[in-house]
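In: here's my sequence, what's the structure:
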Amino acid sequence: MTKVFIDGQEGTTGLKIVERLKKRADIELMVIPGKLRKDTEERRKYINGSDFTILCLPDEAAVEAISLVENDHTRIIDASTAHRINPDWAYGFPELSPEHREKIRTSKRVAVPGCYASGFISMAYPLIKSGILPKDYPVSVHAVSGYSGAGKRGIAQYQSPERAKEFDTPRQYALTQQHKHLPEMRVISGLDHEPTFNPYVCDYFAGMTVSLPLHARLLGKQVTPTDIREMFAEHYKGCNFIKVAELDGKDVLPDGFIGANTLENTNNMEIIVSGNEMRLLIVSRLDNLGKGASGAAVQCLNIMMGIDETTGLV
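Out: Numbering: from 1, shown residues only. All right, here's what the predicted structure looks like:
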């Protein structure tokens, strides 16, 4: 039986991973006593006693946790931002390419993508690889997310009966353009420059949409929405968790609106292409706690274990 330790299991992502793993007969969850979960020496014992340790920690604590590994057996899956652009680590988005999948399968160190970054890279990486999106394109990204992405403190703020009135509305943030996902959005997608990023936190629990608007006249090829939709369909052909919507959108947009919470509690992602021959709009929809966090971590775990990647996931 595979031994899995979750360092930081009391956080939002950690709790979701526990929820996904606790019913599996092939996993033995190693649970550290609550009073010892911040004890460095106790954590060292659990990390080195595990086959896999999943880090659900702030960046500095994740780096510290890596320093506690004292063997060549324990494999690490890190859900923090700390190692996502480190070339020595596998980037945990297997659908991007066969090379990404193989590196995840064989690596002892895998970095789980950020939620917004997952949505953006799912669109930008194939667009750049296909030659449609130039690497120096002045990219702007708009995104909305449920408040669960703000962590325990943010969840408490939104669920408080004494919350400020502004919490009733979408709240724009990252105004200084220093969002922690920007480095991986640039590096993993292959852009020359970081995009302008415009995220909102909204008054619902989970789910997000990430939108990429494009001017056709600035693209590397003359393409239509149909061309782009067909490119995505070919790129993600055979993927278990990524669906490319039909061009009319009726399969995912029956009323012409895009809801951000429709994939909650799944590891699924949908890519929707719309617009016209002059201005295109591409949208990636996912659960920020699913394909954007805990679901992605479990999918990577399954691949590293050499089993069906869908095990324990919907």
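
In: mind listing the strands for the stretch 1-150 of the chain?
Out: 2-7, 27-30, 52-55, 75-78, 90-91, 109-111, 140-146 (DSSP state E, counting those that start in this stretch).

In: give me the pLDDT value at R153.
Out: We note a pLDDT of 86 for R153 in this prediction.

In: likewise for T13?
Out: Confidence score, pLDDT, at T13: 93.

In: that one against G292, yeah?
Out: No: here T13 does not reach G292: they are 9.4 Å apart, not a contact under CB atoms under 8 Å. The way it works is simple: take the backbone N, C-alpha and C, and place the C-beta from them, glycine included.

In: Y125 is nearest to which of the strands of the stretch 1-150 of the chain?
Out: Among the strands of the stretch 1-150 of the chain, strand 90-91 comes nearest to Y125, with 10.2 Å by CB to CB.

In: tell me which residues are up against that closest one.
Out: Here strand 90-91 makes contact (CB atoms under 8 Å, 6 or more residues apart in numbering) with 84, 100, 103-104, 107, 109-111, 113, 184, 188.

In: what do you get for stretch 149-166?
Out: Residues outside stretch 149-166 that contact it (CB under 8 Å, 6+ apart) are 11-12, 115, 147-148, 167, 201, 203, 206, 208, 288-289, 292.

In: also stretch 120-140?
Out: 93, 95-97, 113, 141, 143, 181, 184-185, 188-193, 195-198, 210, 212-214, 218-221, 223, 228, 231-232, 235-236, 242, 269, 271, 282, 284.

In: stretch 78-85 too?
Out: The contact list for stretch 78-85 (CB under 8 Å, 6+ apart) reads 13, 54-63, 66, 89, 91, 109-114, 117, 180-181, 183-184, 187-188, 293-294, 297.

In: quick check: closest non-adjacent residue to L57.
Out: Excluding its sequence neighbours, the residue lying closest to L57 (CB to CB, 6 or more residues apart in numbering) is G8, at 4.2 Å.
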